[in-house]
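**Student:** Sequence and predicted structure below; questions after.
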Amino acid sequence: MFASALPVFLAASEGAEESSGIDLLLPATSELVAGILAFVIIYIMAWKWVFPQITKTLENRQAAIKADYEAAEAAKVEAESLKNDYQAQLAQARDEASRIVEEARQAGESVRADVVARAETEATAIKERATADMSGERDRVAAGLKREVADLSLDVAEKVLGTSLDRGAQQALVNQYIDELGGLGS
Amino acid sequence: MESVILAASECDVEAEIICAPSDVLELFEFTKPLFSIGGFDFTRTVFLIFLAMFIVLAILYYGLRKGEKVPSKFGAAVESLVTFVRDDIAIGIIGPEGIKYAPYLLTVFTFVIVGNLFEVTPLINFPITSRMAIPAFIAVVTWVIFVIVGFKKNGLHYLTDLVWPKSVPLALRWLVGIIEFVSTFVLRPITLAVRLFANLVAGHLMLSLLLASGYIFVTAIPDVGLKGFVGVAWFVFGLGIYLFEIVVAVLQAYIITLLSAVYVQTSVHPEH
């Protein structure tokens, strides 16, 4: 089946070789003219437009990339200096803060010391006042007691003697005696 | 290929006339011109040549027109194509003065690559470089450039150093001289043109025959069983070749550009 088809193809190609030959190798005039025309038109475009255009494009691109790169470099430098500034400011702020804290601490300390001192002073004053009050009271009570003792002694003596005594003189006598006792006791 | 497939619908399997083109030239579009103006034949190939030109112009224009700082993907691709030809081929091979030839090399590369890729472009399926006109023209221009540059840079020494190479022993000098002369002035342009042309002819033939015969065998299924299988196999094989031809199309465009640059370089610095 396949073999039956083959001779036909072979015959066809043999026949073709006989008839064609040189025609395949020689350029046809119209194609030559068209080919030259087309080639020259492409050449003129390549020469006058493509290469100037691509050179311009690449140069512009190079310039643009260089400019971008330089801008980026400048921005980087600026960012670096800003960063340094910020860091310096931050350090300063930190110092400031610790100084403030230290000051506050010292102020607190001194306030505390002040308060303690005042409290102590006040306490001392209160204590002294209390002591003074107490001793005044004691003197007052002692005086009252002394008078009472003298009166009682006179009353007892009058009862014992059955007669009234000269109260003024006796009183002075008793007081003198009490004072002497007090003098002995102290 | 189109003509074969059209013909395939008319072929008679029983009579064993299997849609062979009447002439291999049919495969290469040697058909009647669509119309003629004053002896100039507008064939399909002529239209395809101008189509290739418009595609190249459009790609270059839309890729580069804005010249943006941040190019689009397409723009970046076109830019890298242009700078590849300029920096890697023109300057890379010829040297710093190679920049003068960059427009020529870019034209060769772009025009040929688009012309070659027409081979695998659906609905076109015909490489304009499989006709001799464009390869021949490029080869002639390259020849003219490297000969003029050779004489301009080195004066008559260009020719005398070539046919009477001092570094070769005297006994062999005349022989090497003849070989050098023939290879430089005769064979270089011929090989340059034929290399491109023949690669594309072969590729186009393979694709045409494999894909068309695949189609023909498959359409013959109702009549003869196994032919369908053979047809599918042909077709798959043809598709494999299709991928291969994409590589060939790009590679051949690169090679003709590279060799043009190398030939110019040998004239600029003949001692190398």
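**Tutor:** Yes, it's here. Residues are numbered from 1 along each chain as shown, chains lettered A, B, ... in the order given.

**Student:** For the nearest residue to B:V168 once chain neighbours are set aside, grab the count of nearby residues.
**Tutor:** Setting aside the residues directly before and after it, B:V168 is nearest to B:V176 in space (C-beta to C-beta, 6 or more residues apart in numbering or on different chains), at 4.8 Å. Heads up, the C-betas are built off the backbone N, CA and C, glycines and all. Close neighbours of B:V176, defined as other C-beta atoms under 10 Å in any protein chain shown, add up to 16.

**Student:** May I see the buried residues of stretch A:48-59?
**Tutor:** Of the residues in stretch A:48-59, those with enough neighbours to count as buried (16 or more other C-beta atoms under 10 Å in any protein chain shown) are A:49-51, A:53-54, A:57.

**Student:** Which ones among those residues also lie next to chain B?
**Tutor:** When C-beta under 8 Å from any C-beta of the partner chain is applied, the members of the buried residues of stretch A:48-59 adjacent to chain B are A:49-51, A:53-54, A:57.

**Student:** Need those residues in TSV (columns: pLDDT and secondary structure).
**Tutor:** As requested, these are arranged in TSV below (pLDDT from 0 to 100; DSSP: H, G, I helix; E, B strand; the rest coil):
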residue	pLDDT	secondary structure
A:W49	94	helix
A:V50	94	helix
A:F51	94	helix
A:Q53	93	helix
A:I54	92	helix
A:T57	91	helix
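
**Student:** contacting residues for B:L106?
**Tutor:** Applying C-beta atoms under 8 Å, 6 or more residues apart in numbering or on different chains to B:L106 gives the contacts A:46, A:50-51, B:82, B:85-86.

**Student:** any idea which of the residues you listed is closest to B:Y104?
**Tutor:** Nearest to B:Y104 out of the contacts of B:L106 is A:A46 (C-beta to C-beta; 7.8 Å).

**Student:** ok, back up a step: tell me the pLDDT at the residue nearest to B:V168?
**Tutor:** The confidence metric pLDDT takes the value 91 at B:V176.

**Student:** thought it was touching B:P165?
**Tutor:** Yes - in terms of C-beta atoms under 8 Å, B:V176 counts as a neighbour of B:P165; the distance is 5.7 Å.

**Student:** returning to that earlier point: could you look up the SS state of the residue nearest to B:V168?
**Tutor:** helix (DSSP: H, G, I helix; E, B strand; the rest coil).

**Student:** the bottom helix or strand of chain A by mean pLDDT?
**Tutor:** Using mean pLDDT, DSSP states H and E, helix A:2-19 stands out as the lowest-scoring helix or strand of chain A, at a mean of 40.

**Student:** Show me what the host helix or strand of A:K159 is packed up against.
**Tutor:** With elements taken from DSSP states H and E, the one containing A:K159 is helix A:51-161. Other helices and strands packing on helix A:51-161, by 3 or more C-beta pairs under 8 Å, 6 or more residues apart in numbering or on different chains; DSSP states H and E, are helix A:167-185, helix B:44-64, helix B:73-83, helix B:102-117.
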